[in-house]
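*Asks:* A structural model of the following input is requested.
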Amino acid sequence: MTVTEVNNHQSRKAFLDAARLIYKDDKNFICPLDNDIEAVFDPEKNIFFKFGKAQRWILTDDKGQLIGRVAAFINEKKAYNYAQPTGGMGFFECIDNQDAAFLIFDTAQNWLKQHGMQAMDGPINFGENDMFWGLLIDGFMPQSYGMNYHHPYYKKFFEDYGFVTLYEQITNHIDAHKPFPERFTKIANWVIQKPGYRFEHLKASQIDKFASDFMEIYNDAWKDFENFVPIQRATILETFRKMKMIMDENLIWFAYVDNEPAAFMVVLPDANQMIKTFNGKLTLINKLKFLYNKWKGVNRMRAVVMGTKTKYQKHGLESAMFIKLKEYVLPLKQYDEMELSWVGDFNDKMLALHQAMGGVFGKKHATLRYIFK
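*Replies:* Okay, here's the model as predicted:
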């Protein structure tokens, strides 16, 4: 077997083709767009290169056939927040062969060691955790846009190599036609009527304002979680820019208390329903198909991220925003399901909210760590 560094057009193409080959007979797999994958490794498009580095490789067998791939990366803002300097590995794909899988893991480990790391987390992304994050371990169904899909046999590769689960990522589903539980609705309607409480959906014409509000809420809401690194305004604006093609302003909500930004909820139509036949290629024809599919509408939403400032976390703001969302969604008669993804198993408050809304289990990913020997 031969490991080859991705450093030219041919190897970049092979890196992208690896997933298409490995999942070619899996009807549940929806190929991510090549453009989305390439953007992760483009310093002009991924701001994480300003404080980090990345490398990727492909693996071929003795006949020159493509059988796997991997990427490794270091985020300098996060790497030294742990007991051991910790890098990341991701975009792992491999045929069902342990020797091949271990060689891929070794490749990522050796590169990270050379750059001073003593551990690696994976499979993760060289970017925010709303995309390409975690190993799918339960719920092998078509995933929503940005959520990793994997073969079931990958889990044993990670465990046998020595990876240990850091946390599990829970995704729950909600029937969009089913009323919220009575208690949930009662509390939400009471919150909506409270003096000084205001709820607004995002307006693209005021994106700078909403980006500032998002940053203020997010950095307060997550500040107490272990190894948290504040999000930067540039990251938020870049994320909003990427969402622009698919987002519906009326699905993204902000809550204010006496005009202070207090909570937000970002929900997107599931773009995977728009691109599932593209096989990762955004050709001219597929761009036209995308516009048609967007116009025709999709029937699944994905709640990508939510946040509430610490001092407002028991005020029922999240419940109120979901009621506002449903007031818009139900008359459309378009959406059948909302996916609540993903919530770490350490986030008791958000998991309790899912339960209060009537959410049912959908799928589970895991973020794992391997400490170098």
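
*Asks:* got a list of what the nearest residue to residue 139 once chain neighbours are set aside touches?
*Replies:* Nearest residue to residue 139 in three dimensions, chain neighbours excluded: residue 363, at 2.5 Å (CB to CB, 6 or more residues apart in numbering). No exception for glycine: its C-beta is placed from N, CA and C like everyone else's. By CB atoms under 8 Å, 6 or more residues apart in numbering, residue 363 lies in contact with 136, 138, 139, 141, 143, 147, 171, 341.

*Asks:* Tell me the spacing between residue 363 and residue 164.
*Replies:* Using CB to CB, to the nearest Å, residue 363 is found at 21 Å from residue 164.

*Asks:* Do a quick rundown of the strands in the stretch 51-200 of the chain.
*Replies:* With DSSP state E, counting those that start in this stretch as the criterion, the stretch 51-200 of the chain has strands at 52-60, 66-75, 86-94, 119-122, 135-138, 164-175, 197-201.

*Asks:* okay, those in TSV with distance to residue 347 next?
*Replies:* TSV is the format used below for the strands of the stretch 51-200 of the chain (distance: least, CB to CB, whole Å):
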stretch	distance to residue 347
strand 52-60	26
strand 66-75	21
strand 86-94	21
strand 119-122	18
strand 135-138	18
strand 164-175	9
strand 197-201	23
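
*Asks:* and of those strands, who's closest to residue 186?
*Replies:* strand 197-201 (15.7 Å; CB to CB).

*Asks:* Mind listing the strands the closest one pairs with, and their directions?
*Replies:* strand 252-257 (antiparallel) (DSSP bridges).

*Asks:* What helix or strand is residue 325 located in?
*Replies:* Of the helices and strands defined by DSSP states H and E, residue 325 is found in helix 317-332.

*Asks:* got the angle for that helix vs strand 197-201?
*Replies:* For helix 317-332 against strand 197-201, the angle by axes from the mean of the first three to the mean of the last three CA atoms, to 10 degrees is 40 degrees.

*Asks:* Only the buried residues of the helix or strand that helix 317-332 is followed by, if you could.
*Replies:* Using DSSP H and E, the helix or strand that follows helix 317-332 towards the C-terminus is strand 337-344. For strand 337-344, a neighbour-count test (16 or more other CB atoms under 10 Å) marks 337, 338, 339, 340, 341, 342, 343, 344 as buried.

*Asks:* what packs against the helix or strand just after strand 337-344?
*Replies:* Sequence order places helix 348-356 as the next helix or strand after strand 337-344, per DSSP H and E. The helices and strands touching helix 348-356, judged by 3 or more CB pairs under 8 Å, 6 or more residues apart in numbering; DSSP states H and E, are strand 164-175, helix 317-332, strand 337-344.
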